Every structure is written in C-alpha cells, then in structure tokens.
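# here is a sequence together with a model predicted from it:
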Amino acid sequence: MPLNLFIIGPSGCGKTTQAKMVAEKYGLHHFSMGQLLRDEIASGSGYGLEAKSYVDQGVWAPDDLIFDILIGKLKTLNYENFIIDGFPRVLNQGRIIEFYLRKNHEPVSLLIHLNVTFQEIQDRRAKMGDEFQDKARTDNTPQDIANRQKSYEETIGPIKEYFKKHDKLFEVDGNRPVEPIFMDICQAIDKLK
C-alpha cells in the first residue's frame, strides 16, 4: 500500500528534519513545499518570479501556483510514496490535494501535525543562532517569522478539524528532542500498514 504523507507545523518546528528521516526510513520521496518554491525562484522560472513576490513578503503563495509546482512533482511519482512538508497550509489546499489524489486512485495516508509552541521555536532559534539560518531564505527577518507564525495560527484549526474528521490526523508533541518525536511518528505510520 502506498504511503502518501503530509507533515505540517509552524515555521521552525522541525518538520523538514522529521520529513527527511521518515522519507529515509520508509523509502519515500521527500518534498519541502518551501524548498520547491525557493528552487523555482532560484531557477528564475515563470513560477519562480511569481512566487518570489509572495515569499519576499513572508506571505504564502496562492493555491493555483502551489498546485502547479507540486502536481508536476507528484506526477513523476505516479502520485504515490511521498512525504511533503509544509503543505497543506490552508484548508482549501487540503481538500484539493485529497481530491486530486483520489482522482488518481491514491489516498492521503496521514497528515502529521507537529505541535510546537512559538516560545519553543524562538528558544531553538536563539540556541542555534547563525547555524540555524537558512542562507537561501530571503524571508528570515524577525518580522517575516512573526508573519508566518500569525498566518499559521489563523489557518491551522480548520485543516486539523478536516483531517481529524476523516481519521487522517496524527498530532505529535514537537516540543521535544528529534528522536522521540520521530519514534512517535513511526508508530503512527506503522499502524497504517
């Protein structure tokens, strides 16, 4: 049975770290929605130029742009065996991706939500200092980070409700070290098989 996973959480919560570990353990393709956008921007493509105007403001790119980029990647995998971090960001994206996968006879296996407090994220950033800063990001000012947190808090509730109602939500306490979080996520994935 294919594993089609999504992992979300506030900016700086460690979702990319967890997604990479999950991808390695289960042999999945890993996509970071933020990195896909940054790659498009770096390539100077039409999608990239459009995305840059949003990323530079610390706001999310519109759904149609996100889907154009994401669906192109998923198509190369026959829409199966992947983990995407940082997506869906809003309820509409969750509904559309579920519909799109179903249309291609694939399920949404699980939406993993890393529950991390804003204070924990700030503490981690302070502890890591410059090491943590992703030099490829143009949106890492304190104001940009606060904007992303605010956007996240405004949109996360409906996404969680929707996937919970469909029995596809796994919430994990992300205010802990990497390993115990990873073990909890693996236990949830193993129950799907």
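Right, received. Where do you want to start? Predicted, not measured: the structure shown is a model, and the values here were computed from it.

# can we go C-alpha only for contacts and neighbour counts from here?
OK.

# name the helices or strands packed onto the host helix or strand of Leu36?
Assigned by DSSP states H and E, Leu36 belongs to helix 33-43. Judged by 3 or more C-alpha pairs under 8 Å, 6 or more residues apart in numbering; DSSP states H and E, helix 33-43 is in contact with helix 46-55, helix 63-75.

# what is the mean pLDDT for it?
The average pLDDT for helix 33-43 rounds to 90.

# contacts for that helix next, please.
47-49, 51-52, 69-70, 84-87, 136-137 (C-alpha atoms under 8 Å, 6 or more residues apart in numbering).

# which residues of this protein fall in helices?
15-26, 33-43, 46-55, 63-75, 91-103, 118-128, 142-165, 178-190 (DSSP state H).

# worst average pLDDT in those helices?
Least confident of these, judged by mean pLDDT, is helix 118-128 with a mean of 79.

# for Ile8, see how far away Lys25 is.
Distance, Lys25 to Ile8, using C-alpha to C-alpha, to the nearest Å: 19 Å.

# between the two, who's got more neighbours?
Neighbour totals were compared for Lys25 and Ile8, and Ile8 leads with 26 against 10 (other C-alpha atoms under 10 Å).

# beta partners of the more buried one?
His113 (DSSP bridges).

# how about it, what does it touch?
Contacts for Ile8 (C-alpha under 8 Å, 6+ apart) come out as 15, 85-89, 111-114.

# just the buried ones among those, please.
Among these, the ones that count as buried by 16 or more other C-alpha atoms under 10 Å are 15, 85-89, 111-114.

# including distance to Leu101, could these go into a markdown table?
Listed next are these as a markdown table, based on distance: C-alpha to C-alpha, whole Å:
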| residue | distance to Leu101 |
| --- | --- |
| Lys15 | 22 |
| Asp85 | 17 |
| Gly86 | 18 |
| Phe87 | 14 |
| Pro88 | 13 |
| Arg89 | 17 |
| Leu111 | 14 |
| Ile112 | 17 |
| His113 | 20 |
| Leu114 | 23 |
